[in-house]
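> this one's structure only:
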């Protein structure tokens, strides 16, 4: 009942997205045309999180698989893959937003009649190259068919990446490869009267995985179709087709010299010339000595600087193959909107992706309390580091086990767990462990059942919760605090304790990890 109510509440708006046309349904998933807060049109897949929690994934937890796959899809950069602009969770709904792609699907194109062999090969070439790039990045499409491909030939685009994270929790790489082989059969069936096409189709049907174990192998076989038979005069290659993607970049960087080298065969060796007196020689600049322009890179530093002023966030800004990617967690929808506005204003026209998880707005307060300590830690070459032994998603009954690495000087530790119901559990110090000192660069394990240590298991209520580790030169509190207390009370005391540290003492350091818990 609660799931249906959440869907009704978000039917026309989902967070920052205004939902318009419902384009497609796939079980509990919905595909919408939507507008983001900047007025940009996006394609938005949604599915109730309860469906993901109930689904069984080939990798175990379908909800965690969605988070991991959506994040990986956001990092995909390929000319045939529309950009995954954002993914996340809001009001009990998981979503993936992608750039829209215009043009008819291959399914529509085939209804009008056979596709010529040249266009069929070019389409498969581009689709299989995109599929191979996705698989190398660990991304499964999960719904590859003639409806997922828009346009034909060398302009084909593969839509639906990121959808599989929501709608195909059991999909595997093998499923994608089976779909790719069926796609090849469908696009080449009208040319089975050609011996080379007939031979390939026979291999696809009879040998399958043995002949084509990955997308690259099938792509190589497809690209051999229609080539000039052995012994026939070789036609002059058309320079506007099937160039490797790097060629255009090198040509632009190297100027006309490289283009000439690609267009003409080597000339005959030059005839020997009489050496001229040095005073009569005219210096001729070599093309190789000309400076090569440095490729432009997206404004990572400028965007990161702009985002530092956005409160209630924990973000990373990256350059992923020339595309700007902002990922991390925001505490509340207002913070998420501020991040999107800041990125849009400072991305300077670059293509960018957002992979944001939205936590409850209550976590804005602890993030603000330790903001200076988080910044101080980011600037270190050897920072304070906290790693979860299992996670970042934990289910009911799972243990919370941590490894904490000290910076390059000795510190005193505090480890606090902020729950979704507004309380904080002090993991260190705790009633049975007051050993909070950690030597420079030393590693400390916490919550290890095997060592008989005090340990903690996940229980209700569930949601996105926060783990805070603080390192200071001496203990922050002279007496022990209760093992569990209201977060508001603790944060007020923590702010006072941090403000009371001597000005000449090493700066306090902090790390934050968000943990998704579920039943």
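In hand now; what should we look at? Note that the structure is predicted; figures quoted are calculated from it, not measured.

> Please state the offset of the helix or strand containing residue 465 from the chain centre?
Residue 465 belongs to strand 464-472 when elements are defined using DSSP states H and E. Relative to the mean C-alpha coordinate of its chain, strand 464-472 is positioned 24 Å out (CA atoms, centre = their mean, to the nearest Å).

> Mind checking what helix or strand follows it in sequence?
Elements were assigned by DSSP H and E; along the chain past strand 464-472, the next helix or strand is strand 484-486.

> That next one: partners in the sheet, and parallel or antiparallel?
For strand 484-486, the paired strands and their directions (DSSP bridges) read strand 423-428 (antiparallel).

> List the buried residues of the partner strand.
In terms of neighbour count (16 or more other CB atoms under 10 Å), strand 423-428 has its buried residues at 424, 425, 426, 427, 428. For the C-beta atoms, the positions are set from N, CA and C on the backbone; glycine is no exception.

> Walk me through which strands the helix or strand following that strand pairs with, and which way each runs.
Using DSSP H and E, the helix or strand that follows strand 423-428 towards the C-terminus is strand 437-438. Each strand paired with strand 437-438, and its direction, by DSSP bridges: strand 411-418 (antiparallel).

> What's the mean pLDDT across the strand it pairs with?
pLDDT averaged over strand 411-418 equals 96, rounded to a whole number.

> And the contacts of that strand?
Around strand 411-418, the neighbours that count as contacts under CB atoms under 8 Å, 6 or more residues apart in numbering are 362-363, 366, 384, 386, 400, 402, 404, 424-429, 436-438, 444, 446, 456, 465-476, 487, 490, 509.

> What are the boundaries of the helices in the stretch 251-400 of the chain?
Assigned helices in the stretch 251-400 of the chain, in chain order: 256-263, 300-307, 333-346, 364-369, 371-378 (criterion: DSSP state H, counting those that start in this stretch).

> Of all those, which one is nearest residue 71?
Between residue 71 and these, the tightest spacing by CB to CB is seen for helix 333-346, at 15.7 Å.

> Quick one: distance of the closest one to the chain centre.
Mean-position distance between helix 333-346 and its chain equals 18 Å (CA atoms, centre = their mean).

> what helices or strands is that helix leaning on?
In this structure, helix 333-346 packs against helix 300-307, strand 313-320, strand 323-331, strand 352-359, with contacts taken as 3 or more CB pairs under 8 Å, 6 or more residues apart in numbering; DSSP states H and E.

> Looking at it now, give me its mean pLDDT.
Taken as a whole, helix 333-346 carries a mean pLDDT of 87.

> and that helix with strand 323-331, angle?
Between the direction of helix 333-346 and that of strand 323-331, the angle (axes from the mean of the first three to the mean of the last three CA atoms, to 10 degrees) works out to 160 degrees.

> Report the buried residues of helix 333-346.
Of all the residues in helix 333-346, those buried under the rule 16+ other CB under 10 Å are 335, 336, 337, 338, 339, 340, 342, 343, 346.

> where's residue 469 relative to residue 431, distance?
Counting by CB to CB, to the nearest Å, the gap from residue 469 to residue 431 is 19 Å.

> Which one of the two is surrounded by more residues?
Between residue 469 and residue 431, counted using other CB atoms under 10 Å, the more crowded position is residue 469 (24 against 10).

> Show me the beta-bridge partners of the more buried one.
Beta-bridge partners recorded for residue 469 (DSSP bridges): residue 415, residue 511.

> pLDDT below threshold where in this protein?
Judged by pLDDT under 70, the chain has its weakly predicted residues at 1-11, 56-60, 169, 226-295, 391-392, 450-452.

> top helix in it by residue count?
Counting residues, the longest helix in the chain under DSSP state H turns out to be helix 117-136.

> Does anything pack onto that one? Which helices or strands?
Applying 3+ CB pairs under 8 Å, 6+ apart, one finds that helix 117-136 makes contact with strand 157-158, helix 173-188, helix 215-223.

> Please compute how far the last one lies from its chain's middle.
Remark: helix 215-223 is offset 26 Å from the chain centroid, using CA atoms, centre = their mean.

> Now it: buried residues?
Within helix 215-223, the residues scored as buried using 16+ other CB under 10 Å are 215, 216, 218, 219, 221, 222, 223.

> Please name every helix or strand in contact with that helix.
Applying 3+ CB pairs under 8 Å, 6+ apart, one finds that helix 215-223 makes contact with helix 117-136, helix 173-188, helix 195-206.

> now it against helix 117-136, angle please.
Note on geometry: by the same axes, to 10 degrees, helix 215-223 and helix 117-136 are set 170 degrees apart in direction.

> Name the residues that touch helix 215-223?
With CB under 8 Å, 6+ apart as the test, helix 215-223 has contacts from 121, 124-125, 128-129, 131-132, 135, 176-177, 180-181, 184, 188, 200, 203-204, 211-212, 242.

> swap the cut-off to 10 Å and go again
Helix 215-223 is touched from outside by 120-136, 173, 176-177, 180-181, 183-184, 187-188, 196-197, 199-200, 203-204, 209, 211-212, 242, with contacts defined as CB atoms under 10 Å, 6 or more residues apart in numbering.

> Next: the first one.
Among residues not part of strand 157-158, those counted as contacts by CB under 10 Å, 6+ apart are 78-82, 99, 101-103, 105, 126-131, 134, 141, 144, 148-151.

> how far is that strand from where the chain is centred?
18 Å.

> ok, that strand: who's next to it in the sheet?
The partner list of strand 157-158 in its sheet, established with DSSP bridges, is strand 149-150 (antiparallel).

> The partner strand: how far from the chain's middle?
Shown here is strand 149-150, whose average C-alpha point lies 22 Å from the average C-alpha point of the whole chain (CA atoms, centre = their mean).

> After the helix or strand where residue 89 lies, which helix or strand is next?
Using DSSP H and E, residue 89 maps to strand 84-90. Proceeding N to C from strand 84-90, the next assigned helix or strand is strand 93-98, under DSSP H and E.

> Residues in contact with the helix or strand following that following strand: which ones?
Along the chain past strand 93-98, the next helix or strand (assigned with DSSP H and E) turns out to be helix 106-111. Residues from elsewhere that reach helix 106-111, judged by CB under 10 Å, 6+ apart: 103-105, 115, 119-120, 123, 127, 145-153, 156, 183, 186-187, 189-190.

> Is it possible to mark the buried ones in the residues you listed?
Buried members of these, counted by 16+ other CB under 10 Å: 105, 115, 119-120, 123, 127, 145-146, 148-153, 156, 183, 186-187.

> ok, now which ones touch the residue lying closest to residue 37 once chain neighbours are set aside?
Among residues not flanking residue 37 along the chain, residue 16 sits closest, at 4.3 Å (CB to CB, 6 or more residues apart in numbering). When contacts are counted by CB under 10 Å, 6+ apart, residue 16 is found next to 34-38, 86, 88, 90, 97, 333, 336-337, 340-341, 358.
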